[in-house]
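# Sequence and predicted structure, then a few things I'm wondering about:
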Amino acid sequence: MGFQTQYERLLAWARKAEQQGWLNASDLIPLEHIERQQVDLLFRKQNHRPLIVALFGGTGVGKSSLLNRLAGEQVAKTGVERPTSHEVTLYLHKDFQLDMLPEELPTQETRIAYHDQGSRRLVAWLDMPDIDSTATHNQEIVQAWLPYVDWVIYVVSPDRYYDDIGWRFLQQRAHRHAWLFVINHWDEGRPEQLEDFRQRLRDEGFIDPIVLRTSCVEPPIEDDFPQLEQTINQAIEKYGLDILQRLGVEARIDDLYKSAEQFIERLGSDAQWQKMQSRWDELVRRRISDISNQMNTSLAALSQSFTPPRMGGQRVWLQRLIGKDHDANHTTALPPALDNQHIVERLWDERAETRVTALNEQLVNELQTAQLPYPPVEQSLEQIIAKERSIVRRALEDHVNAALANPGTHLQRSAYRWLGWLSWGLPVAAILWAITHVLQRFYQGTHGQAEFLGFNFVINAGLLVLLAWLLPWLLRMKVKPSLASAMRSGLEKGIQQAMVELQAEYQTRWRQLQQERRHYLDELQTIYADIQQLKLQPLDELGGIFVRKEPTA
């Protein structure tokens, strides 16, 4: 897979990550601005192509004159027309017929001239507009053509080699081309200017840069013009076309590689996320503990309304609280009070919701402070806001229902049932004993064996029956489970369960967040490894022709 394929893969990944919030739109700008033009597109029908050499420089330095001198004929505009001309002149061998120019190139401003000189077959010369012209369109044309250039000849004049615009372009493009430097109009120059220009090039990172002196005046003076074309031809023989043509592709691959590195850094390291997880857990525990304390405080105040009327008012209280009777088995339907969110609203009020919102904001702020992607967290935490009330309500309902269905402890409920049986079993036993005793004494009295029972027996027997009923009844009332206590206990357990579920919800969101990040990171690292395989070896062997390894900041 080549550069274009890897670029499209990385761009597709980045756009998907940006849609999900893992990248910002600004993160994609360097990637989208990577030059994707390929010189091979100009020569699609040929098996190979020439070296594209561009004459680049400011107004009046004589670029067109140099091209005309190289061609031995008038192929480029010169003189007073040049400063206002937007025209690009491409001079190449007729064997390399250009295909249709790509859309981004200024087709209407491009003039193509062909020749049939075999000695110049492997080099195509490009005369660029003046970069410092007052016509800003010139700069646009230059910027459109530069990505298609293999070798740049930076042309200056003795009085124009400190041109700022030209130097800025050189600084931006130094790592993308092979370079050759020419001081034209040397008939107007001085020897010390040559060394001054070389020193400035060294300051820009060029080691032993090749600087030639030329002049296009008549009659010609002694200069380095013969070495101009010879230097390029010798470089082709020494390094080969492939090496020299590789510079632009290598620079674009390097840009792509750096973009992938920046995306990996943008997603954050495992160490950063582990540190953030500790902070996340700490904040969630602390905030939920505060919310739990607040809800229990509200429950203490709310519990005052749970106290039922005295003596037999349990059923009245229950009917008033939940609108239904309490049957003998101590089971109850879901209280309408909960259906109407009465108790939920009292316990889960605006203060609790505000604390959850504050927790979410604090978690997002922590991610921002750590310079980690936070939009996915914001989106996930918004879902907690949407379901927090239902979590609390469900937990309260479940535990209140369970508490009202079986109020009190198991021993308390068992004692209540046994005492209920005794409250009617003992009186019945006492009545049966009294009846048996009455029948027995009546039989004995009719046979003269004993006296009949008197009024005292009736009183004592009645007292016995009364005591047999009253004692277990009083004890039963004493151990009877309290619905108010059951309600309080159910709500307390419901609050505890709600807080556990709410904390688990945050843990779930964190796990989902990490799984999503890992998914994006794995995809990115696969692309990154493929780009790394595509990355070519540095072209150190080019020496002074190309010495920049990284673009200047």
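Everything's here; your move. Being a predicted model, the structure only gives us computed values, none of them experimental.
# make it CA atoms for all contacts and neighbour counts henceforth
Will do.
# for this structure, what spans make up the strands?
According to DSSP state E, the chain carries its strands in the segments 51-57, 88-93, 110-115, 123-127, 151-156, 178-183, 211-213.
# Flag every buried residue along the third one.
In other words, strand 110-115. Judged by neighbour count using 16 or more other CA atoms under 10 Å, the buried positions of strand 110-115 are T110.
# Now L180. Nearest residue, chain neighbours left out?
Nearest residue to L180 in three dimensions, chain neighbours excluded: I153, at 4.7 Å (CA to CA, 6 or more residues apart in numbering).
# Pretty sure that neighbour sits against H177.
No: counting by CA atoms under 8 Å, H177 is not a contact partner of I153; they are 9.8 Å apart.
# ok, these two, which is more surrounded?
Taking other CA atoms under 10 Å, I153 and H177 do not tie; H177 has more neighbours (28 against 20).
# Quick check: bridge partners of V211?
Using DSSP bridges, the bridge partners assigned to V211 are F181.
# tally of neighbours for it?
With other CA under 10 Å as criterion, V211 counts 21.
# how much space between it and I236?
According to CA to CA, to the nearest Å, V211 stands 18 Å off from I236.
# What of A260?
Taking CA to CA as the measure, A260 and I236 are separated by 33 Å.
# Please identify which of those two sits among more neighbours.
Neighbour totals were compared for A260 and I236, and A260 leads with 24 against 18 (other CA under 10 Å).
# Now the more buried one. Nearest residue, chain neighbours left out?
Take A260 and drop its neighbours on the chain: the residue closest to it by CA to CA, 6+ apart is Y528, 5.9 Å away.
# now the one you found: how far from D254?
Y528 is 11 Å from D254, by CA to CA.
# next one: phi and psi at the residue of the chain positioned farthest from its centre?
Distance to the chain centre peaks in the chain at G448, reaching 108.3 Å (criterion: CA atoms, centre = their mean). As for G448, its main-chain torsions (degrees, to the nearest 10) stand at phi 70, psi 20.
# Same question for the one 4 residues further on.
Note on F452: its backbone torsions stand at phi -70, psi 150 [degrees, to the nearest 10].
# Could you measure from it over to G445?
F452 sits 5 Å away from G445, going by CA to CA.
# again, but for Y91
Taking CA to CA, one finds Y91 at 152 Å from G445.
# Give the residue from these two that has the larger number of neighbours.
Legend: neighbour count by other CA under 10 Å for Y91 and G445, higher for Y91 (23 against 14).
# So for that one, what's the pLDDT?
At Y91, the pLDDT value in this model is 89.
# Which residues does it form beta bridges with?
For Y91, the beta-bridge partners are A113, W125 (DSSP bridges).
# Quick check: mean pLDDT of stretch 202-218?
The average pLDDT within stretch 202-218 is 85.
# buried sites along it?
Applying 16+ other CA under 10 Å to stretch 202-218 flags G205, F206, I207, P209, V211, L212, R213, T214, S215, C216 as buried.
# Quick check: the fourth one touching Q199?
I take that to be P209. No: using CA under 8 Å as the test, P209 is too far from Q199 to be in contact (9.3 Å).
# shaky segments in the stretch 301-450 of the chain?
304-341, 404, 408-410, 413 (pLDDT under 70).
# try 80
301-346, 400-417, 419, 441, 445, 447-450 (pLDDT under 80).
# show me where it has helices.
314-322, 336-339, 342-347, 350-369, 375-405, 410-446 (DSSP state H, counting those that start in this stretch).
# Give me the distance from the longest one to the chain's centre.
Okay, so that is helix 410-446. 79 Å (CA atoms, centre = their mean, to the nearest Å).
# buried residues in it?
Of all the residues in helix 410-446, those buried under the rule 16+ other CA under 10 Å are 412-413, 415-417, 419-420, 422-427, 430-431, 434, 438, 441-442.
# The fourth one too?
The neighbour-count check on helix 350-369 (16+ other CA under 10 Å) flags A352, V356, T357, L359, N360, L363, V364, E366, L367 as buried.
# closest to Q143 among those?
The nearest member of those to Q143, counting by CA to CA, is L367 at 39.7 Å.
# OK, contacts around the closest one?
Residues in contact with L367 (CA atoms under 8 Å, 6 or more residues apart in numbering) are M276, P373, Y374.
# Please report the distance of the last one from A25.
Applying CA to CA, the value for Y374 to A25 is 14 Å.
# which of the two has more neighbours?
Y374 (20 against 13).
# thought that one was touching N24?
No: the criterion here is CA under 8 Å, and Y374 misses it with N24 at 10.2 Å.
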